[in-house]
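Chemist: Requesting a structural model of the entry that follows:
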Amino acid sequence: MTTGTRNKFPPNADQSGLKRVGRKVRERLAGNPTAYKVPSEEVELFAVGDFMTPAECAKMMELIDATAKPSRVFDLEYSDGYRTSYSGDVDPHDPFVKKISRRIDDLLDIDPSFGETIQGQRYMPGQEFQAHHDWFHPGTTYWDLEMKRGGQRSYTAMVFLNKVDAGGTTDFTDLGLSIEPNPGVLLAWNNADADGITNPKTMHAGRPVQQGSKYIITKWYRTKKWY
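Modeler: Presented below is the predicted three-dimensional model:
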């Protein structure tokens with residue numbers, strides 16, 4: 001692991017970008033009657049019901065099944081047990097994937113070039129993603145590389161694709177908030193606060209599936225063009 005003093009980019013390198021993206025999304029969703037702001041003074045978290053249709057969810061699950069491999073978390077391997085789902089980037093050139101991706105871009109009003117490729121994730125019984133932040137931490141082995149290739153992760157958009165028989169909630173651990181997977185529902189949250197400082201209160205976890213399976217897609221946005 002690298003140390004913070006050796007990083008080329010300081011911890012607050014993207015504060016202005018995070019503040020700018022956050023303000024833009026905040027204004028966009030404030031004018032959208034379908035976007036529900038989850039009551040919290042600590043995290044900007046929104047929910048949009050029926051963002052994807054049942055048919056779209058089913059098609060996306062097929063694409064995930066075709067691409068999913070054991071998940072990784074930058075510095076960690078699947079065998080570490082921190083993230084035991086299967087995941088994979090769905091084909092960004094597929095017309096169906098393009099349609100969903102553009103819909104998310106439009107919902108949040110974020111420059112499409114800031115968006116990473118949509119990642120699909122599949123959890124089977126016992127699989128989970130332990131508590132984590134989506135934003136990048138200074139002092140890690142990947143910090144300088146990620147700052148160069150798009151900057152900090154500003155916003156997260158996640159869509160539940162199916163009903164889980166038991167377990168599999170998404171928990172915001174510092175907020176005491178547990179969200180049941182409901183097909184087609186999109187969650188979106190600001191990874192920073194209103195001042196553009198990365199927000200530790202966005203810590204969240206994909207709890208273990210107890211029965212059935214859980215499918216989701218996630219799209220992360222940066223502060224500038226991602227490549």
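Chemist: OK, contacts around the residue nearest to Asn12 when sequence neighbours are not counted?
Modeler: The shortest distance from Asn12 to any residue that is not its chain neighbour, by C-beta to C-beta, 6 or more residues apart in numbering, is 7.0 Å, and that residue is Ile197. C-betas here are computed from N, CA, C, even on glycine. Under the criterion of C-beta atoms under 8 Å, 6 or more residues apart in numbering, the contact partners of Ile197 comprise 12, 15, 18.
Chemist: Can you give me the pLDDT of the last one?
Modeler: The reference is to Leu18. Note for Leu18: predicted pLDDT of 98.
Chemist: for Phe46, which residues make a bridge with it?
Modeler: According to DSSP bridges, the partner residues bridging Phe46 are Lys37, Ala188.
Chemist: average pLDDT for the lengthiest strand in the chain?
Modeler: In the chain, assigned by DSSP state E, the strand with the most residues is strand 214-221. The predicted model assigns strand 214-221 a mean pLDDT of 98.
Chemist: next one: stretch 69-86
Modeler: Model confidence over stretch 69-86, given as mean pLDDT, is 69.
Chemist: what's the span of that stretch, first residue to last?
Modeler: Start to finish, the residues bounding stretch 69-86 are 5 Å apart (C-alpha to C-alpha, to the nearest Å).
Chemist: Which neighbouring elements make contact with the worst-scoring helix or strand of the chain on mean pLDDT?
Modeler: Of the helices and strands making up the chain, the lowest-confidence element is strand 69-70, at a mean of 90, by mean pLDDT, DSSP states H and E. Applying 3 or more C-beta pairs under 8 Å, 6 or more residues apart in numbering; DSSP states H and E, one finds that strand 69-70 makes contact with strand 86-89.
Chemist: Return the list of helices and strands in contact with the strand it packs on.
Modeler: In this structure, strand 86-89 packs against helix 54-67, strand 69-70, strand 119-123, with contacts taken as 3+ C-beta pairs under 8 Å, 6+ apart.
Chemist: So for stretch 202-213, what gets flagged as buried?
Modeler: By neighbour count, and taking 16 or more other C-beta atoms under 10 Å as the criterion, the buried residues in stretch 202-213 are 202-209, 212-213.
Chemist: no, scratch that, I was asking about stretch 121-135
Modeler: 121-123, 127-129, 132-135.
Chemist: how close does Lys148 get to Ser178?
Modeler: Going from Lys148 to Ser178 by C-beta to C-beta, to the nearest Å gives 36 Å.
Chemist: Many thanks, we can stop here.
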